[in-house]
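A.B. asks: I'd like to go over a predicted model; first the sequence, then the structure.
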Amino acid sequence: MNDPHTFIARMENVSKSYRSGEVQRTVFAGANLKVCAGDLIVVYGPSRCGKTTLLNLIGALDKATSGDVWIEGINLSKADPRHLADIRRKKIGCVFQYGNLISNLTALENVEVALEAVGMRGAVVRERAMNSLSRVGLTEETEQFPEQLSGVKRQRVAIARALAKDPALVLADEPTGNLDEQDSIKIAELMTRLHRDLGTTFIVATHNQTLSQMASHVYYISRGRLMGA
């Protein structure tokens, strides 16, 4: 068996179930996944198949019913809540379908607040935030508020925010799901370029074909199983 410390992330025989009254729903049954540094992994599957649950388990937002989830050698299944919160802040960057930007902060401030959350202070916060926005092509929009930005530009801010703290892993949940086809292609191309140029490790739940064509590995979720496509 490979040492889990050699992977950015790893799921080993993970099962996840939810109970609602007398009904128990099994999302995963014995799922396994290995994520190496620099991977771009795409996860497919129909609605409600468990894509978001998968990201939540790896992102330390949820715990497996059984089995183990590792991030850089840390077993999330055995970590206490304070440690899990620290892992989320420092090791995980997240991009959501709707961006989840703070409406009363500018694009620059949205990125800065993420850096401050990991303990950065002073001029380094402004410098890193500006650099991250520059990487996604938003040097002219730093002082604009989310409502002043198009949907594709809001997603660019969200990606800049996720990358600014230099996380071990970026999790993206349907990052193009709220965009039209043309803008979806732009975001997919941006993420693949950042993956290539920065060597950032991505796990993306998506239906976007552009991302799947550039992926290191493609998986499909069906009936509680995580399978290679």
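C.D. replies: Structure received.
A.B. asks: hey, which helix is longest across the protein?
C.D. replies: Ordering each helix of the chain by length in residues (DSSP state H) puts helix 181-198 first.
A.B. asks: And it, what does it pack against?
C.D. replies: Helices and strands touching helix 181-198, by 3 or more CB pairs under 8 Å, 6 or more residues apart in numbering; DSSP states H and E, are strand 40-44, helix 151-164, strand 202-205, helix 209-214. In short, each C-beta sits where N, CA and C put it, glycine included.
A.B. asks: How about residues contacting the third one?
C.D. replies: What it means is strand 202-205. With contacts defined as CB atoms under 8 Å, 6 or more residues apart in numbering, strand 202-205 is touched by 9, 35, 39-43, 45, 51-52, 54-55, 58, 169-175, 191, 195, 211, 215.
A.B. asks: CA atoms only for it - export them in PDB, please.
C.D. replies: Only the C-alpha atoms of strand 202-205 are listed here, as PDB (Å, rounded to 0.1, in the frame of the first residue of the first chain):
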ATOM      1  CA  PHE A 202      -7.200  20.900  -9.000                       C
ATOM      2  CA  ILE A 203     -10.200  18.700  -8.400                       C
ATOM      3  CA  VAL A 204     -13.100  19.900 -10.400                       C
ATOM      4  CA  ALA A 205     -16.700  18.700 -10.400                       C
END
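A.B. asks: Give the pairing partners of that strand; include direction for each.
C.D. replies: Strand 202-205 sits in its sheet next to strand 40-44 (parallel), strand 169-173 (parallel), going by DSSP bridges.
A.B. asks: now those in CSV, with distance to residue 227, mean neighbour count and mean pLDDT?
C.D. replies: Converted to CSV, the strands paired with strand 202-205 look like this (distance: least, CB to CB, whole Å; neighbours: other CB atoms under 10 Å; pLDDT from 0 to 100):
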stretch, distance to residue 227, mean neighbour count, mean pLDDT
strand 40-44, 10, 23, 94
strand 169-173, 20, 24, 96
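A.B. asks: Could you point out which of the ones you listed sits nearest residue 18?
C.D. replies: Of all the strands paired with strand 202-205, strand 169-173 sits nearest to residue 18, with 17.9 Å by CB to CB.
A.B. asks: ok, and what's touching the closest one?
C.D. replies: The set of residues external to strand 169-173 that reach it, using CB under 8 Å, 6+ apart, is 8-9, 35, 51-52, 55, 58-59, 71, 91-97, 162-163, 191, 200-206.
A.B. asks: mind checking how far it is from the chain centre?
C.D. replies: Remark: strand 169-173 is offset 1 Å from the chain centroid, using CA atoms, centre = their mean, to the nearest Å.
A.B. asks: hmm, back to that, quick one, which of the helices and strands packed on helix 181-198 is packed in tightest?
C.D. replies: Of those, the one with the most neighbours on average (mean count of other CB atoms under 10 Å) is strand 202-205, at a mean of 26.
A.B. asks: pull the CA atoms of stretch 43-60 into PDB?
C.D. replies: The C-alpha coordinates for stretch 43-60 follow below in PDB (Å, rounded to 0.1, in the frame of the first residue of the first chain):
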ATOM      1  CA  VAL A  43     -15.300  14.400 -11.700                       C
ATOM      2  CA  TYR A  44     -18.500  13.800 -13.600                       C
ATOM      3  CA  GLY A  45     -21.900  12.400 -12.700                       C
ATOM      4  CA  PRO A  46     -25.600  13.200 -12.800                       C
ATOM      5  CA  SER A  47     -27.300  15.600 -10.500                       C
ATOM      6  CA  ARG A  48     -27.300  14.500  -6.800                       C
ATOM      7  CA  CYS A  49     -24.800  11.700  -7.500                       C
ATOM      8  CA  GLY A  50     -22.400  12.900  -4.800                       C
ATOM      9  CA  LYS A  51     -20.000  15.300  -6.600                       C
ATOM     10  CA  THR A  52     -20.400  18.000  -4.000                       C
ATOM     11  CA  THR A  53     -20.200  15.500  -1.200                       C
ATOM     12  CA  LEU A  54     -16.900  14.300  -2.600                       C
ATOM     13  CA  LEU A  55     -15.500  17.800  -2.600                       C
ATOM     14  CA  ASN A  56     -16.800  18.400   0.900                       C
ATOM     15  CA  LEU A  57     -15.100  15.300   2.200                       C
ATOM     16  CA  ILE A  58     -11.700  16.200   0.700                       C
ATOM     17  CA  GLY A  59     -12.200  19.800   1.700                       C
ATOM     18  CA  ALA A  60     -12.600  19.000   5.400                       C
END
